[in-house]
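Enquirer: this is the structure alone, sequence omitted:
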């Protein structure tokens with residue numbers, strides 16, 4: 001990783017998560033999304049992608065928890081939720 005871990009922003013963690021997810025490293029991706037939302041609990045995009053990954057992994061309770069957070073932050077994203085996470 002380019003940045004020292006303690007210097008990473010929520011956006012750095014999000015980028016790492018996307019890379020891990022692209023490489024099929026789902027657990028590492030979830031950990032990176034978690035770090036991202038820990039640093040910035042208002043970061044709806046990270047919550048959304050975290051929800052999508054939980055959904056893909058059939059971790060429905062976790063996916064629902066993330067979706068709930070997304071909709072608290074960005075109520076107008078409901079159409080995206082319905083499109084990408086139809087069973088939630």
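Expert: Yes, it's here. These numbers were taken from a predicted model, which means no experiment stands behind them. Residues are numbered from 1 along each chain as shown.

Enquirer: where does residue 8 fall, phi/psi-wise?
Expert: With angles defined as degrees, to the nearest 10, residue 8 shows backbone torsions of phi -70, psi 140.

Enquirer: does it touch residue 35 like I think?
Expert: Yes. A contact is recorded between residue 8 and residue 35 when judged using CB atoms under 8 Å, the distance being 7.4 Å. No exception for glycine: its C-beta is placed from N, CA and C like everyone else's.

Enquirer: center of the chain, which residue is that?
Expert: The C-alpha lying nearest the average C-alpha coordinate of the chain belongs to residue 50 (CA atoms, centre = their mean; 2.3 Å).

Enquirer: does that one touch residue 66 like I think?
Expert: Yes. Here residue 50 lies in contact with residue 66, judged by CB under 8 Å, at a distance of 4.9 Å.

Enquirer: now residue 34: closest residue in space that isn't a chain neighbour?
Expert: Spatial nearest neighbour of residue 34, chain neighbours left out: residue 50 (7.3 Å); criterion: CB to CB, 6 or more residues apart in numbering.
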